[in-house]
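Engineer: The sequence and its predicted three-dimensional model are supplied below.
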Amino acid sequence: DQQVKQNSPSLSVQEGRISILNCDYTNSMFDYFLWYKKYPAEGPTFLISISSIKDKNEDGRFTVFLNKSAKHLSLHIVPSQPGDSAVYFCAASALVGSEKLVFGKGTKLTVNP
Amino acid sequence: DAGVTQSPTHLIKTRGQQVTLRCSPKSGHDTVSWYQQALGQGPQFIFQYYEEEERQRGNFPDRFSGHQFPNYSSELNVNALLLGDSALYLCASSRAGYNQPQHFGDGTRLSIL
């Protein structure tokens, strides 16, 4: 039973345009959500997070939106750059259950020059 | 400021053997979590250590065990290795507390022959 789902295995975007990566979850106890970026042969790098008490968090070119009623979050990258090409993982955790992270399967983003 | 470091980078073992993987957390972090990432999947939570105690455990058999030392570094031990244990093993560290993001090392690639 996959509690965190990233339904798009891949996404291709032109440089300078917006990249939107989506994530759905099923466990209503999740209250903290994170996005990680992973390059080949490296570990996941933390990008941005959002608590369930917020619906938006912004950090530079990265913005995460949370829609609790739809159990959906998205990561917006504006403008996209070729160096953003990587696999992006959505992760979630619940206060009950401490810091255990539950990950989606990832979306491979390719930003074309 | 060193991030999370893991050793070794790669390891090849045969079925039935035992293996020990090591992790040093990021400076200032006291909580260490271990994840297994199979090809094409997101990381799966194995267990978490805090104050030298296993605080939480995922759905992994007892062949997987760990330890945390007073300096917060950690080891993951796997006994009676199976072919299915071939994966990337990731260590993540964080500060104890609510909604603290986990930071990952580059992992140990374990191959079982």
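Structural biologist: Here it is on my side, so go on. Numbering: from 1, shown residues only, chains lettered A, B, ... in the order given.

Engineer: Run through who's touching stretch B:10-18.
Structural biologist: Residues outside stretch B:10-18 that contact it (C-beta atoms under 8 Å, 6 or more residues apart in numbering or on different chains): B:19, B:21, B:77-83, B:108-113. Where you see a C-beta, it was placed from the backbone N, CA and C, and this is true even at glycine.

Engineer: out of these, which one sits closest to residue A:86?
Structural biologist: Of all the contacts of stretch B:10-18, residue A:86 sits closest to residue B:109, with 18.2 Å by C-beta to C-beta.

Engineer: how about the residues of chain B that lie near chain A?
Structural biologist: B:4, B:6, B:31, B:33, B:35, B:40-45, B:48, B:55-56, B:58, B:90, B:92, B:94, B:98-107 (C-beta under 8 Å from any C-beta of the partner chain).

Engineer: Let's see that with 7 Å instead.
Structural biologist: Residues of chain B lying near chain A by C-beta under 7 Å from any C-beta of the partner chain: B:31, B:33, B:41-43, B:45, B:48, B:55-56, B:58, B:90, B:94, B:99-107.

Engineer: Going by proximity to chain A, name the top residue of chain B.
Structural biologist: At 3.1 Å from chain A, residue B:42 is the closest residue in chain B, using C-beta to the nearest C-beta.

Engineer: nearest residue to that residue other than its sequence neighbours?
Structural biologist: residue A:103 (3.1 Å; C-beta to C-beta, 6 or more residues apart in numbering or on different chains).

Engineer: Buried ones among the contacts of stretch B:10-18?
Structural biologist: B:19, B:21, B:78, B:81, B:108, B:109, B:110, B:112 (16 or more other C-beta atoms under 10 Å in any protein chain shown).

Engineer: If you drop the residues flanking it in sequence, what lies closest to residue A:22?
Structural biologist: residue A:74 is the one closest to residue A:22 (C-beta to C-beta, 6+ apart), at 5.0 Å.

Engineer: Could you do residue A:76 as well?
Structural biologist: residue A:63 (4.5 Å).

Engineer: Keeping just the C-alphas, turn the helix or strand containing that neighbour into CSV.
Structural biologist: Taking DSSP states H and E as the criterion, residue A:63 maps to strand A:62-67. Output of strand A:62-67 as CSV, limited to C-alpha atoms (Å, rounded to 0.1, in the frame of the first residue of the first chain):
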residue,chain,number,x,y,z
PHE,A,62,11.3,26.7,-5.3
THR,A,63,7.7,26.8,-4.0
VAL,A,64,5.7,24.0,-2.4
PHE,A,65,1.9,24.1,-2.3
LEU,A,66,-0.1,21.9,0.0
ASN,A,67,-3.8,21.1,-0.5
